[in-house]
Structures are given as structure tokens and as C-alpha cells.
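S.K.: fold the stuff below for me.
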Amino acid sequence: MTDEQIIWELSRLFDEYYANHPDTYKAKVRFMREDESLLLDWHFSRPRDEGKGSDTKKMNPPKRLVPTEADILTAITKAETGDCIDPMEVPINWECKLYSPENHVFDGHAHTAPEAMALAWLHAWAPDALINRYVEPGTVPLEVPAGWRFELTPPYQSKSA
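M.R.: Sure thing, here's the model as predicted:
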């Protein structure tokens, strides 16, 4: 995946987040390559009340990035239809490691970051879903509670090669 594709994917994630959280700061992100790492410089701005310019400041990005209900439902559908990638056949992919509150580790691989997170979430609740192509209705929560941690690895750093 090229830098432009990574930037587009991250921009899409931010746009989706801010569409659902209109009172938060809007991000402007500067990307830099350094030793195969993608460094992010976050600059957030929020329109001032009564439309008088913008209020800008440096701050950290949203602390919790999780798959949406739509992402989870899409992952379930892809598992049931067999439309998921095999990371051994498609080595350039987003990799997601999901850590449970008890520190159990689950993984997901996909073409996009939200899909990789949703597949890791699916793996935590229905570990045989990709093999059996079946997910028991109601077994996979559609909201991620606090205590679960997602770690994403961009395609150019994917360890499945």
C-alpha cells in the first residue's frame, strides 16, 4: 500500500469518527516517513461559537479507535460468505492485534484498518467463524466495551510475508 493509500485510509477513519462526534476537534495530520515508520503530527481545530474563525491547538488524537457496529456487521458477513483475505496469500494487508482485558490476543487481517479491527473482534467472540463460515446470532457484541485494546500495523510493515 502506498503512502497516499495509507493517508486516504486514515483520513477516511477520521472523517467517519468526526461525522459521529461533531463537537470534537477536527484533525489535520502531517505524515512523515522515517526508517519505515509513519510518524503522525496531529493538529486539531474546532470552529468557534458564532462562526468567528477557528480555535486551534495541539493535542493528542482520539485515545480509543474501535470498529463501528457497521464494521463488525460487515466482518460477520464477510466471514459467512468466505470473503476474507488469507494473510499468507495476500501478505500486504492491515494487521490488527486485539488485546482483551485479560490480555488474551486475537488477530485480524484485511485490506482496510476498520475491517482488520472488526475481524480481530470477531475472532475474539467467534474464533472458528472464518473456518466454519458461520456466526451464531448474538454471539458477537456490536459495541466494544472499555478495556479492549486494538493495535494496527499498516500494510507496508505487515509481518505476514
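
S.K.: would you say residue 109 is within a helix?
M.R.: No: counting by DSSP: H, G, I helix; E, B strand; the rest coil, residue 109 is located in no helix; its state is strand.

S.K.: OK, contacts around it?
M.R.: 85, 87, 90, 93, 94, 95, 96, 116, 119, 158, 160 (C-beta atoms under 8 Å, 6 or more residues apart in numbering). Where C-beta positions appear, they are placed from N, C-alpha and C, glycine not excepted.

S.K.: now, of those residues, which are buried?
M.R.: By neighbour count, with 16 or more other C-beta atoms under 10 Å, the contacts of residue 109 hold 85, 87, 93, 94, 95, 96, 116, 119, 158, 160 as buried.

S.K.: from these, which is closest to residue 149?
M.R.: Of all the buried ones among the contacts of residue 109, residue 149 sits closest to residue 96, with 10.6 Å by C-beta to C-beta.

S.K.: break this protein down into its structural domains.
M.R.: 3-57, 69-157 (automatic domain parsing).

S.K.: before we move on, back to that, next step: the contacts of residue 109 restricted to helices.
M.R.: Mapping the contacts of residue 109 onto helices (DSSP state H) picks out 116, 119.
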